[in-house]
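Enquirer: output the structure for:
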Amino acid sequence: ERRSSKPKITQARHRGYRVYTTQFDHVADPYLTVHNILGPLSPELRQDSHAQWREFQADSDGMRARLRLCAVQTAARIGASLPPDGRNDIVVSLLLDHSGSLRNRPILVTAMAVHAALECLNILGIRAEILGFTTAGWKGGRSREKWVAKGRRPGPGRLNDVLYIVYRNAADRSPLNTDMFRTMLRRDLLKENIDGEAMEWAERRLRARRERRKLLIHVSDGAPADDSTIYENGDKYLPRHFEAVVQRIEREKNIETGCVLHTSLQPPVFARARKCESVETLGDELLALIEDMVLNEIAMVRGKSTVS
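Expert: You can find the predicted model right below:
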């Protein structure tokens, strides 16, 4: 996953949704590729990014230590109910919204929460994939420039350059490397969020996996937003597509879905959702959702046994 590539976008699954061009889209690793796409940071943004990275490493408020303990306790509870052969047949994908609303404390807490989730899954031997999604630029990027140059056809569809990041591939069995969080905390990474297509991308990656149970967890501020796309297609365009994608995946039941919302203000799109009363509880809610979803099959079997 070290090379930038063009993600294969499914354009015909949902009536009325289309993509103007995928020419400027990227799938990137969190190291050289992302930095090549975004370019060098300004001195001010570099200072901000380094400050957050130092805070992540220092754990000055003890959040990482507390979440690490929660991760160990969560893994112990799951392990007590789920034998090793059951864990080997599960893969978990965490899909992270990288929208501008998550700047500063929210993205720092997100990094800490994801680190704790990875530690929990690693203890259990459950394979995990960490994905991020954003846009490569503001105001439509090169996609909008091309659309303008071609005559501004009305209703162009998605009109920005998506940037997908594979922080950790599910096939990766190497020890956890916190360097990926340094990229996650890069200040200029957080831009627009086009959730529906990101869900489809994460879904395709999971479908290619051999594990019987595939869990997809969306960590988000709750609402797709891309000014360029919304301005040319209407404010319901992205939310409608996002809702349609989630409903289809949940209806097909091949992949188990859930979400953690950074805020309690947004209504959840997913049937299984947890809301954070404050950003500080994100790690707790994410670990609780992982436990709930991993043990869901056992809970269903026990429920049927009780009824019978």
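Enquirer: strands along the chain, start to end?
Expert: Residue ranges of the strands in the chain, as given by DSSP state E, are 26-28, 90-97, 127-135, 162-168, 213-220, 256-261, 273-275.
Enquirer: can you put those strands in a markdown table and add distance to Lys150?
Expert: Glycine gets a C-beta too; all of them are placed from N, C-alpha and C. As requested, the strands of the chain are arranged in a markdown table below (distance: least, CB to CB, whole Å):
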| stretch | distance to Lys150 |
| --- | --- |
| strand 26-28 | 21 |
| strand 90-97 | 30 |
| strand 127-135 | 20 |
| strand 162-168 | 19 |
| strand 213-220 | 32 |
| strand 256-261 | 36 |
| strand 273-275 | 40 |
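Enquirer: kindly tell me how buried the closest residue to His262 other than its chain neighbours is, as a neighbour count.
Expert: Counting by CB to CB, 6 or more residues apart in numbering, Asp221 is the residue found nearest to His262 once chain neighbours are left out, at 4.9 Å. Other residues lying near Asp221 total 19 when counted by other CB atoms under 10 Å.
Enquirer: check contacts around Asp221.
Expert: With contacts taken as CB atoms under 8 Å, 6 or more residues apart in numbering, Asp221 has the following neighbours: Asp97, Ser99, Ser101, Leu102, Pro106, Asn193, Leu261, His262, Thr263, Gln266.
Enquirer: just the buried residues from those residues, in ChimeraX please.
Expert: Applying 16 or more other CB atoms under 10 Å to these, the buried members can be selected in ChimeraX as follows:
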select :97,99,101,102,106,193,261,262,263
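Enquirer: among the contacts of Asp221, name the ones in helices.
Expert: Residues from these lying in helices, with DSSP state H as the criterion: Pro106.
Enquirer: give the residue spans of the chain that score low on pLDDT.
Expert: By pLDDT under 70, the weakly predicted segments of the chain are 1-15, 264-265, 299-308.
Enquirer: how far away is the nearest residue to Arg158 once chain neighbours are set aside from Gly196?
Expert: In space, Arg158 comes closest to Val19 once its chain neighbours are excluded; the distance is 4.5 Å by CB to CB, 6+ apart. The span separating Val19 from Gly196 equals 11 Å under the rule CB to CB, to the nearest Å.
Enquirer: just give me the neighbour total for the closest residue to Leu238 other than its chain neighbours.
Expert: With sequence-adjacent residues excluded and distances taken as CB to CB, 6+ apart, Leu238 is closest to Pro224, at 3.8 Å. For Pro224, the neighbour count with other CB under 10 Å is 26.
Enquirer: could you check how far Pro224 is from Arg158?
Expert: 10 Å.
Enquirer: what do the two both touch?
Expert: Going by CB under 8 Å, 6+ apart, residues that sit against Pro224 and also against Arg158 are Ile194, Leu238.
Enquirer: in stretch 123-137, what counts as buried?
Expert: When neighbours are counted by 16+ other CB under 10 Å, the buried residues of stretch 123-137 are found to be 123-124, 126-137.
Enquirer: next up, the contacts around Asn177.
Expert: For Asn177, no residue counts as a contact, taking CB under 8 Å, 6+ apart as the criterion.
Enquirer: Ala65 versus that one, what's the distance?
Expert: Distance, Asn177 to Ala65, by CB to CB: 19 Å.
Enquirer: re earlier: can you verify my assumption that the residue nearest to Leu238 contacts Met199?
Expert: No. Between Pro224 and Met199 no contact is recorded; they are 10.0 Å apart, counting by CB atoms under 8 Å.
Enquirer: so what sits against both of those two?
Expert: By CB under 8 Å, 6+ apart, the residues touching both Pro224 and Met199 are Phe242.
Enquirer: how far away is Asp59 from Tyr167?
Expert: Spatial separation of Asp59 from Tyr167 under the definition CB to CB is 20 Å.
Enquirer: what's the closest non-adjacent residue to Ile255?
Expert: When the adjacent residues along the chain are set aside, Ile255 lies closest to Lys214, with 4.7 Å between them (CB to CB, 6+ apart).
Enquirer: OK, contacts around Ser49?
Expert: So Ser49 contacts Leu41, Arg182, Leu185, Arg186, Arg187 (CB under 8 Å, 6+ apart).
Enquirer: now, which of those residues sits nearest Ala271?
Expert: Within the set of those, Leu185 lies nearest Ala271; the separation is 31.6 Å, counting by CB to CB.
Enquirer: how about the nearest residue to the closest one once chain neighbours are set aside, what does it touch?
Expert: By the measure of CB to CB, 6+ apart, the closest residue to Leu185 outside its immediate chain neighbours is Gln52, 4.4 Å from it. With CB under 8 Å, 6+ apart as the criterion, the residues that contact Gln52 are Asn104, Ile107, Leu108, Leu185, Arg187.
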